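> I would like the atomic coordinates for the input below:
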Amino acid sequence: MTVRAVSDSYPTRVSDRPMWIERSHPTAWPGVASGPASGAEVACYDRDGYLQIPGLLESEEVARYWDELGRLTTDPEIKADERTVVESSSDEVRSIFEVHKVSDVIAELARDPRVLGRVRQLLGSDVYIHQSRINYMPGFTGNGFYWHSDFETWHAEDGLPAPRTVSLSIALTDNYPFNGGLMVMPGSQHTFVSCTGATPANHYKESLQEQEVGTPDRDTLRALAHRCGIDQFTGPAGSALLFDCNMMHGSGNNITPFPRSNIFIVFNSVDNIPGAPFAAPTPRPGWVASRDHTPVRR
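Numbers count the residues shown, from 1 in each chain. This is a model prediction of the structure:
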């Protein structure tokens, strides 16, 4: 295994025991003072690691993106593309990656001042898209995502040096407490959980359907949950959630008749570009973790 030969503030997958490492970087970064987020909202994000934005999109906009999701998930060429991940237990679409490159509509959303302005405020710099996807959790058969920190994977397998990355999740369907809504542990972003187990070659092929390597042990999750508690992202379609890359989060299976779909865009600071992986044989493909650091511009 190749481990990058530079200083590593967040070692992971290098020990047979999990470790807790207190974060040495801020959650909300200085550098961009003005934007759509208020000072109180930035402070809340810095403390809790997430920020809810009710009604980011109007109902007409939600309808437009819902139509786009329908077009993408029924296009046979897109379904056959390697960037499309299907459910492990069925042939239904689970996620479509690099969606801002296959959809002009979603590319425009990433440049929207309501989005771009907020993420620049939180990261304190210009940003580029590290990853984008549409997640489609169908009714009855939608599988959840086990508890994890995105930064653990992006650090270990993509080579991101610091947790200077923010994820945006925009609900295209109503998010209820019972249809697999995203759960977060507020404040957990202040602690990096170093996981056990070596990274297999081409690990992304399995982890995009069901991740095992890079997920915390149960004792760690139990302790974090008791310390931080658990909040859940619920609300009508058009609601949005911004959350820090080291936030511990996950979602349950959806056994209800109500689907849960969202647009998911990950913004990384242009001052935090990836290098060689810290704990993986090779970097993941560009459609999973971009190495194009062109800043997003309005």
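
> what is the mean pLDDT for stretch 115-127?
For stretch 115-127, mean pLDDT is 98.

> chain center to it: distance?
16 Å (Cα atoms, centre = their mean, to the nearest Å).

> repeat for stretch 12-19
Chain-centre distance of stretch 12-19: 23 Å, with Cα atoms, centre = their mean.

> Start and end of that stretch, how far apart?
8 Å (Cα to Cα, to the nearest Å).

> Just after the helix or strand of the chain with the lowest mean pLDDT, pick out the following helix or strand.
When each helix and strand of the chain is scored by mean pLDDT, DSSP states H and E, helix 204-207 comes last, with a mean of 64. With elements assigned by DSSP states H and E, the helix or strand that comes after helix 204-207 is helix 218-228.

> any idea of the mean pLDDT for that next one?
Mean predicted confidence for helix 218-228 is 97.

> how about the helices of the stretch 101-250 of the chain, start to end?
Assigned by DSSP state H, counting those that start in this stretch, the stretch 101-250 of the chain shows helices spanning 104-111, 113-123, 150-158, 204-207, 218-228.

> Quick one: the ones you listed as a markdown table, columns for distance to E41 too.
Bear in mind the C-beta positions are built from the backbone N, C-alpha and C, glycine included. Listed next are the helices of the stretch 101-250 of the chain as a markdown table, based on distance: least, Cβ to Cβ, whole Å:
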| stretch | distance to E41 |
| --- | --- |
| helix 104-111 | 20 |
| helix 113-123 | 8 |
| helix 150-158 | 21 |
| helix 204-207 | 32 |
| helix 218-228 | 20 |
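
> Arrange the ones you listed in JSON lines, one row each, with mean neighbour count and distance to H249 as further columns.
Shown next, in JSON lines, are the helices of the stretch 101-250 of the chain (neighbours: other Cβ atoms under 10 Å; distance: least, Cβ to Cβ, whole Å):
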{"stretch": "helix 104-111", "mean neighbour count": "16", "distance to H249": "21"}
{"stretch": "helix 113-123", "mean neighbour count": "21", "distance to H249": "16"}
{"stretch": "helix 150-158", "mean neighbour count": "26", "distance to H249": "8"}
{"stretch": "helix 204-207", "mean neighbour count": "17", "distance to H249": "15"}
{"stretch": "helix 218-228", "mean neighbour count": "14", "distance to H249": "11"}
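
> so which of those helices gets nearest S24?
Set against S24 and scored by Cβ to Cβ, the helices of the stretch 101-250 of the chain come closest in helix 150-158, at 12.8 Å.

> neighbouring contacts of the closest one?
10, 12-13, 130, 160-161, 163, 165, 167, 192-195, 199, 203-204, 207, 211, 214, 245-247, 249, 266, 274, 277-280, 283-284, 289 (Cβ atoms under 8 Å, 6 or more residues apart in numbering).

> just checking, which of those belong to strands?
Using DSSP state E, the members of those that fall in strands are 130, 165, 167, 192-194, 249, 266.

> Return the distance of the nearest residue to R260 once chain neighbours are set aside relative to S290.
Excluding its sequence neighbours, the residue lying closest to R260 (Cβ to Cβ, 6 or more residues apart in numbering) is M137, at 4.3 Å. For M137, the distance to S290 (Cβ to Cβ, to the nearest Å) stands at 24 Å.

> Between the two, which is the more surrounded one?
When M137 and S290 are compared for neighbours, M137 comes out ahead with 26 against 23, by other Cβ atoms under 10 Å.

> who wins for proximity to P54 among the helices of the stretch 101-250 of the chain?
It is, among the helices of the stretch 101-250 of the chain and with distance given as Cβ to Cβ, helix 113-123, at 12.5 Å.

> From the contact counts, what lies against that closest one?
Secondary-structure packing of helix 113-123 (3 or more Cβ pairs under 8 Å, 6 or more residues apart in numbering; DSSP states H and E): helix 39-48, strand 50-53, strand 127-137, strand 165-171, strand 240-244, strand 260-269.

> one more time with 10 Å
Using 3 or more Cβ pairs under 10 Å, 6 or more residues apart in numbering; DSSP states H and E as the contact test, the elements touching helix 113-123 are helix 39-48, strand 50-53, helix 104-111, strand 127-137, strand 165-171, strand 240-244, strand 260-269.
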